[in-house]
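Colleague: kindly generate the corresponding structure for this input.
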Amino acid sequence: MPTFDYRRKLSLKEQLPALGAGVGAGVAIGVSVFYLARLMMQRTPLRGTPAANPAGVARPGEAPPFPSVPARPHAGPR
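Modeller: Numbering: from 1, shown residues only. So this is what the prediction gives:
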């Protein structure tokens, strides 16, 4: 036998648990995204790219170039 439910308007006091759950979920997701983005931005590259560091010299806070890969001289325009 089917049952019928009727929707009714909720007062602000009755809506507070749902509002709190929504805000809590939003804050948790925001904090998680902030933490992951911060972790990704803090990573130190293991070796510099030739275009960003043509001299092959390590900048402060950066690892020196990998010793087994010789630096290639710039070939100039073709």
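
Colleague: quick one: low-confidence parts of the chain?
Modeller: 47-59, 62-78 (pLDDT under 70).

Colleague: number of residues surrounding Ala21?
Modeller: Ala21 has 10 neighbours, counted by other Cβ atoms under 10 Å. From N, CA and C alone the C-beta is placed, and that goes for glycine too.

Colleague: now the helices for the chain?
Modeller: Secondary structure of the chain (DSSP state H): helices at 12-42.

Colleague: tally of neighbours for Gly24?
Modeller: Residues within reach of Gly24, counting by other Cβ under 10 Å, total 10.

Colleague: what's the answer for Leu16, then?
Modeller: 11.

Colleague: again, but for Glu14
Modeller: Counted with other Cβ under 10 Å, residues neighbouring Glu14 total 10.

Colleague: same check on Ala37?
Modeller: Ala37: 10 surrounding residues under other Cβ under 10 Å.

Colleague: what's the distance between it and Arg7?
Modeller: Relative to Arg7, Ala37 is positioned 40 Å away (Cβ to Cβ, to the nearest Å).

Colleague: likewise Pro17?
Modeller: Pro17 is 17 Å from Arg7, where distance means Cβ to Cβ.

Colleague: for Val23, same thing?
Modeller: 23 Å.

Colleague: look at the two and report which has more neighbours.
Modeller: Val23 (10 against 5).

Colleague: who's in contact with the more buried one?
Modeller: Listed by Cβ atoms under 8 Å, 6 or more residues apart in numbering, the contact set of Val23 is empty.

Colleague: ok, Pro60 to Met40 distance?
Modeller: 21 Å.

Colleague: more neighbours: these two, which one.
Modeller: Per other Cβ under 10 Å, whichever of Pro60 and Met40 has more neighbours is Met40, with 8 against 4.

Colleague: that one and Gln15, how far apart?
Modeller: For Met40, the distance to Gln15 equals 37 Å [Cβ to Cβ].

Colleague: next: Met41.
Modeller: Separation of Met41 from Gln15 (Cβ to Cβ) stands at 38 Å.
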